[in-house]
Structures are given as C-alpha cells and as structure tokens.
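S.K.: here's my sequence, what's the structure:
(3 chains)
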Amino acid sequence: MAFNETMNEMQRQAVLHTEGPLLILAGAGSGKTRVLTHRTAYLIEEAGVNPYHIMAITFTNKAAGEMRQRIDDMVGYGSESVWVATFHSTCVRILRRYIDRIGFDTSFTIYDADDQKTLMKEICKRMEIDTKIYKERAFLGVISSAKDELIDPEEFFRRAQGDYQKIRQAEVYREYQDSLRKNNALDFDDLIMKTVELFKKDAEVLNSYQERFRYIMVDEYQDTNTAQFQLIKLLAGKYRNLCVVGDDDQSIYKFRGANIYNILNFEKEYPDATVIKLEQNYRSTQNILNAANHVIANNVGRKRKELWTENGEGEKVILRQFETGYEEADYVATDITAKAREGICAYGDCAVLYRTNAQSRLFEERFIASNIPYKIVGGVNFYARKEIKDLLAYLKTVDNAKDDLAVRRIINVPKRGIGATTLNRVQNYALQQGIGFYDALKAAEEIPTLGRSASKLKPFVTLIQTMRSKAAYIGVTELLQEIIEETGYVAELEAENTEEANQRILNIDELISKAASYEADESREGPATLSGFLEEVALVADIDSVDETQDYVVLMTLHSAKGLEFPQVYLAGMEDGLFPSYMSICSDNSMEEIEEERRLCYVGITRAKERLSISCAKQRMIRGETQYNKVSRFVKEIPAEFLAGEIQKEREPEKYKPTMSQFARQAFRAKPMAMSQSGGMRQMPSAKDFGKSADNRKLSYDVGDRVKHMKFGEGTVKQIVSGGRDHEVTVEFDGAGVKKMFAAFAKLQKL
DNA sequence: TTAAGTTAAGTTTTT
DNA sequence: CTTAACTTAA
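M.R.: Numbering: from 1, shown residues only, chains lettered A, B, ... in the order given. Predicted structure coming up:
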C-alpha cells in the first residue's frame, strides 16, 4: 500500500497500530478521516482482517457517507461489508432485529423532538401538571439527560431521595416511558439506551455483535455521552481492538450530554492504550492556526496540543466591527460578491458561521437582495415541516397502528369534521377497554358516547385499512402518492393557491422524490420497506444535505460547521453576550460553560483554509430589543499581530454599563429601566430605522396604480399609509369593494 | 367545529 | 420579532 509517502510519521503509526486500544488525538484539520480510511484499508489488505469484522461509527450521516465513499475508493474488494454508520442508525439496525427480547415490538417508530413535546403535553395534562410552572421542555430535558446517563425511571426514583420535585420528575419520566411503549415508539435517546439495555440483558446478542465487530473505530469521540461510551465499551469488550479519534478541544456538545471525560480519561479506562497525537494541520494557514491556538490556550484542563502547518503564513485574520447587524451582513454580502466577481473564489468556497440560528435571517435577506446563491443549514428541518409531518404520520399509521400520536395528528387532516370532543370520547373508550387509539376508532360503532359522530370516523378507518392492504404489494412512493390522492391533501393546497401553499406542494414533491430515491438506492441494506424509509427519514440531520459540489454560500451555526472546511470563512456576531452567550456568562459554573463556548470558537476559526474574517456589531436587535455588545472576549484573546483591520476603540464602560443594562435585563427580565442609564443611545438611530432604510420591500406601486390581489382580484390603490413596520394600503377592488391591508401581507402585484 | 384574531411568552447550540 | 396558545365569533 502506497500510503508511506503521503503520510506523516504520526499518521503512519496510527494506521499501523491495529491491535488493542488506541487513542488518536487529532487536532482540527490534521487528516483524521484520511487516517481512519487508510487504517481500514490496511486492516483489510495488509493485516488480513475480514471487512465484515470492521466497524466505523460517526455522528452524522454526512460523515458516515464520506467515510463510506473513501473506503470504497481505497479498498478494492469487500469494502461494502465494512459497517459504516452513525450511532443512531447502528442502534436502530440492532434494535429492529432484537428489541423484542426486551419487550418491544420490532416495528417501533422513532419520535422526533416535536413528537416528544406532543406526548409530554398529553402527559402533563393527564397528570394535572400546570405547564405554566413546569414546562414540558424542562421535563424532556431532565429525561433526556437521564437517558444520556443511562438512568431509567426506577433509578431516577432511587436517586430522588425524598426530594419532592425529583420524585415528581421521576413520575413524569415513568409515565413518559409507559406512553412510548404503548405507542410502540422510541425517542432518540432511547435508541442508544435500549441498545445498551439489550446488550446488558442478553449475553447471546451481545456476544454475536462482539464477534462481528472485532475492530471498532469511533469518530468524534469527544462528543460521545455516557450511553454511547457504554455501548462502545460493551461492543469492544471482547476483542478490545478499539480505536477512538477525537479532539478534546472540539468538544462542543455538553448540552446534549457529551462527556468530555470519555476522551480525557480514555487511558484510565484502557490502561494499555496507545496514544497518538496528530498536530500537523493540512487545512489552514499559519496565521489562522495561531489565532486558534491562542484562543484555545485560555482553557484549562485540556490535553496540550499545538497545531502547526507547512502551508505558510497566509493572509492575516480580518477583523471588522460595525454599528449594526445589518451593516455586518452588508459587509459580508459585498465582500463575497466582490470576491466572486474578481474570480478569487466561488460562492461554494464561502461559509458564514454564527452562534444562533436566528442570526441567519439578516444574511438571508441581504443575500437575496444581492443575488448571492446560498443555503441555510439548520433551523427548521425539512422533515419537521407541517405538510411533511402530516404525510409521514399517514405512512406511520399505515406502518405501525400503535402509534397513537401519528393517528391523532392526521385524523382530522384534511378536515373531516372530527373535533376535540369526539377525540376525547374515543380516547376515554380506549383507556376503559385498555386498547389503542386506532383500535378504538375501528370499533367506533360500539362507543356509546359517540352518537352520530361515529359515522365520521368510518371513512378514515377505511382509508387506513385500504392503504394498509395496498402497502403489502406497492412501493413506498406509490403508497405515498395514493395517500395524497385519496386524502386530497395536495388538491386542497392547490385550491388555496397562495405562495405558502405552493411552497408546501413543492416540499411534498420533494418528499415523493426522496421516497423514490430511497427505493432506487442500491447501496441500501436489504429490501426497500416502509419502515426502512421512515427510519431513514427520522435519522437525517440537516447538515447531511450540504453538497460541496454545489456553488452556493453556506450559512450555519458553529455547531453544524464541525467537521467541515471552507476556503473563506466569515465568523459573524462575535460579541460578548451573543458569543459567548449570556447563558454561559451568567451561569452558575460560567467558567466551564465559557470554556465550552471557547472550544466552539476554536472550531469556528479552524474551519477556515485560506481566509478568515471575524466581524461583530456594536448594536444588535435581539427579540425586538436593541442590545449593545462589546467585542467578544475570544477576539481579544487573539494577539494583534495576527489580525488585520482596526477595531474602533470601545467606549468607556461607565457610559452604558453593559454588565448592568444587558445582563440584568436578561436575568430578571426587568423592563427598560436599566436602559435609561445608558444615556449613550439617545440619538442613535434605532435598529428599526436601519431595517427600513435597508428595506428591499420598497413598494413597487403607488397611489393611483392598478394592482392585483390573490383573492380580491384587480383594483386601484387609493391610499398608502406608512406605519412603523409596514405600509397600510387601501385598495378599491373592482369586485370586492374597498379594503385596507398591509403591504407585506397582501402581496399586491402592480399591473 | 373551525377560523380568525388576540395575547403571552420565548431562543443558545442538535443526533 | 416570531411562535404558540388561548379566546371569541361564525
């Protein structure tokens, strides 16, 4: 194998070390994926390991896909039998086969965050919990953390130890698990936890997988939680050929239960472990790396590592401060346009990274105005859209009649005149009889309380039954089309004929093509099934859809950016309070939380290959309120020698006391009182004004023009009153008389 | 029962 | 500024 010339000494050692536990501390851009793929190839071609015995685990489908591709390219024969998958899909595959051994049905469905919340809402209602005081989200958070730590409801009770609130949480947890079981459903955390449970309870199953996975590689090991750690520990327990790759400096998922000690204490867990550090960076310029090194050096309790490169110094890191977020977005858009026009880079070379999803809007508006092709990653997941969830709920109902949530979602979509009262009666009957919701629907005639509304339920049940029998011999795509046809779902949207409805139809079309490509996919394991499709759909992340070959600017959060790289990176919103967030600054253990934010910053900086541009705004609108922020402390951790671009000297803190006006307001939700202290803002134009002056929604029509409205048809504009946010337009319609409406809403077209 | 209209509350980060 | 949840009118 010809890897000798192309690898550095450390990489080579990592490839050649095949037996026993191995920890690879791989700095950002140090070529760890290359090491993993070469290692796989070496195992197969030189060490004579059967590909069937090799497993590589990642966190995202995108990472798994890339790994799979590169292994396929490198290994001639048998590469397809290497198990390359995410944690979650690995667990689903195992559970689909064996979960009946721990009392579940193998046709379980997977609940996403939305489903979890719906279920929790029901539970709170049932348990008479006031959700004004105890939020559903809080319970779900507690439960999720418990599951990350493999704490089941019983253990939770044990640990509650007389603490009233904890006992209550335990009760909710137990109830939640019972409901999931009744619905034959698992949530994301269950996928891992149940697999661990299965392995612990069933030695035979565990042994079969231990025998299969004799060589295990885990990517992004710093992001594993306790449950995932246990899972890997169990799997690797017999052969102990465990190779984990990670970077403690890039551990950014603590909020999701990631346990940084999994990587920091790897050598305690496996005393015979070999440790290899990869510090040579092949991605960025030295200037970028210097910036990153200096920032991360402020964290204590990390494994010492310093990135270096042979790539040369490169450009300095650009630093710019603006008055407002609008100007910042303006700068990024202008800069990208200029670079693209000069041929310095393609749109696809650029990425805009920010801390929170809400920041994407400003950039999106500006990019539209400047005709910059872009793609926003994250925010509302495609599969979380209403129309998509509705149709998936139909498929789920056909697939798993026990999923009450899915049934209830669609029973009145489209409208069948079935309301809350009817549903409650059916629900009560189901509880009395101890049967599922759908089964109760089937027996609608026997529910005495229903009266004549029972007849409304019949067509729905018939529809589902018909689809179910068809599902046996038609494919997923066809089934989906049948459902759309029979329910008139798309027809109803077509009738609406609004921009929104049309977008939904497009989304549905996309779902249909996703189903079709699922069925056509030859690399899929096993035959195309409805369950298989639903499962694939449940486990996709938004980042999976990023396509490097497309020429668009990518906008995403720093979290989503991990593992990616771009020639040009814009790190936006670098302000104290936004990044690091108030949450982390104000938290009880702010020290730790700010370190996590700092790691996030490190991840951001190290995404850049050639040019990094850091920007921030003095004032920014957040939730309709203007905030005044200082330059992020992380920026100040970068020595000036690596930076280009002047930052205006900050105003004295006394003038507007950011610590008081911002932090106090955030913490106590006190009204502007503190702001009056900040005399500094008096004549400043408010961000609102900026929004308007920069508003591209300037009306295309004026008084006296003829316009067209979606519903009312054609008419003449009589008056335009420009209010604070929008223009109020009065139109005399030919058919519908005089109407007042808001311009942004009415979408009037000039004729 | 549904649709429209009003009000309250909320935002880190996500497989 | 958005979104969800609640209220009221048809």
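S.K.: spell out which parts of the stretch 151-300 of chain A neighbour DNA strand B.
M.R.: When proximity is defined as C-beta under 7 Å from any atom of the strand, the stretch 151-300 of chain A approaches DNA strand B at A:Phe188, A:Phe255, A:Arg256. For glycine as for every other residue, the C-beta is placed from the backbone atoms N, C-alpha and C.
S.K.: quick one: the last one and A:Gly141 touch, right?
M.R.: No - with contacts counted by C-beta atoms under 8 Å, A:Arg256 stays clear of A:Gly141, the gap being 10.5 Å.
S.K.: picking up where we left off before, of the residues of the stretch 151-300 of chain A next to DNA strand B - the most surrounded one?
M.R.: Among these, A:Phe188 has the most neighbours (other C-beta atoms under 10 Å), with 20 neighbours.
S.K.: tell me the phi and psi of that one?
M.R.: phi -60, psi -50 (degrees, to the nearest 10).
S.K.: tell me how far the closest residue to it other than its chain neighbours lies from DNA strand C.
M.R.: Using C-beta to C-beta, 6 or more residues apart in numbering and skipping residues adjacent in sequence, the residue nearest A:Phe188 is A:His88, 6.7 Å away. From A:His88 across to DNA strand C, the span is 24 Å (C-beta to the nearest atom of the strand, to the nearest Å).
S.K.: what's the local residue count around A:His88?
M.R.: Using other C-beta under 10 Å, A:His88 has 22 other residues around it.
S.K.: one more: A:Gly325?
M.R.: For A:Gly325, using other C-beta under 10 Å, the count is 28.
S.K.: can you redo the residues of the stretch 151-300 of chain A next to DNA strand B as a markdown table with pLDDT and distance to A:Thr285?
M.R.: Converted to a markdown table, those look like this (pLDDT from 0 to 100; distance: C-beta to C-beta, whole Å):
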| residue | pLDDT | distance to A:Thr285 |
| --- | --- | --- |
| A:Phe188 | 93 | 38 |
| A:Phe255 | 89 | 32 |
| A:Arg256 | 89 | 32 |
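S.K.: which residues does the host helix or strand of A:Pro459 contact?
M.R.: Using DSSP states H and E, A:Pro459 maps to helix A:454-471. Helix A:454-471 has contacts (C-beta atoms under 8 Å, 6 or more residues apart in numbering) with A:394, A:397-399, A:401, A:411, A:416-418, A:422, A:426, A:438, A:441-442, A:444-445, A:447, A:450, A:479, A:482-483, A:486-487, A:530.
S.K.: just the buried members of the residues you listed?
M.R.: Among the contacts of helix A:454-471, the ones that count as buried by 16 or more other C-beta atoms under 10 Å are A:394, A:397-399, A:401, A:411, A:416, A:418, A:422, A:426, A:438, A:441-442, A:444, A:447, A:450, A:479, A:482-483, A:487, A:530.
S.K.: mind listing the helices for the stretch 251-400 of chain A?
M.R.: All helices of the stretch 251-400 of chain A, identified by DSSP state H, counting those that start in this stretch, fall at A:261-264, A:266-269, A:286-296, A:325-341, A:360-369, A:386-399.
S.K.: what's the closest of those to A:Asp100?
M.R.: Nearest to A:Asp100, of all the helices of the stretch 251-400 of chain A, is helix A:386-399, at 16.7 Å by C-beta to C-beta.
S.K.: how far does the helix or strand just after that closest one sit from the chain's center?
M.R.: Once the chain leaves helix A:386-399, the next helix or strand it forms, by DSSP H and E, is helix A:404-410. What separates the centre of helix A:404-410 from the centre of its chain is 24 Å, taken as C-alpha atoms, centre = their mean, to the nearest Å.
S.K.: stretch A:183-199 too?
M.R.: 20 Å.
S.K.: same check, this time on stretch A:570-584
M.R.: The answer for stretch A:570-584 is 19 Å, by C-alpha atoms, centre = their mean.
S.K.: list the buried ones in it?
M.R.: Across stretch A:570-584, burial judged by 16+ other C-beta under 10 Å covers A:570-582, A:584.
S.K.: and what of stretch A:526-537?
M.R.: Of the residues in stretch A:526-537, A:Thr529, A:Leu530, A:Ser531, A:Gly532, A:Phe533, A:Leu534, A:Glu535, A:Glu536, A:Val537 count as buried by neighbour count, 16+ other C-beta under 10 Å.
S.K.: helix, strand or coil: sort out the third one for me.
M.R.: With DSSP: H, G, I helix; E, B strand; the rest coil as the basis, the three-state label of A:Ser531 is helix.
S.K.: got a list of what it touches?
M.R.: Residues counted as contacts of A:Ser531 (C-beta under 8 Å, 6+ apart) are A:Arg96, A:Ser107, A:Asp399, A:Asn400.
S.K.: once you drop chain neighbours, what's closest to the second one?
M.R.: Using C-beta to C-beta, 6+ apart and skipping the chain neighbours, the partner closest in space to A:Ser107 is A:Asn400 (5.3 Å).
S.K.: need phi/psi at the residue of chain A at minimum distance from DNA strand C.
M.R.: For chain A, the residue closest to DNA strand C is A:Gly624, as judged by C-beta to the nearest atom of the strand, at 3.1 Å. Note on A:Gly624: backbone dihedrals following degrees, to the nearest 10 are phi 80, psi 0.
S.K.: distance check, it against A:Glu328.
M.R.: Distance, A:Gly624 to A:Glu328, by C-beta to C-beta, to the nearest Å: 18 Å.
S.K.: between those two, which one's more packed in?
M.R.: A:Glu328 (27 against 7).
S.K.: surely that one touches A:Met574?
M.R.: No - using C-beta under 8 Å, A:Glu328 is not in contact with A:Met574; the gap is 9.7 Å.
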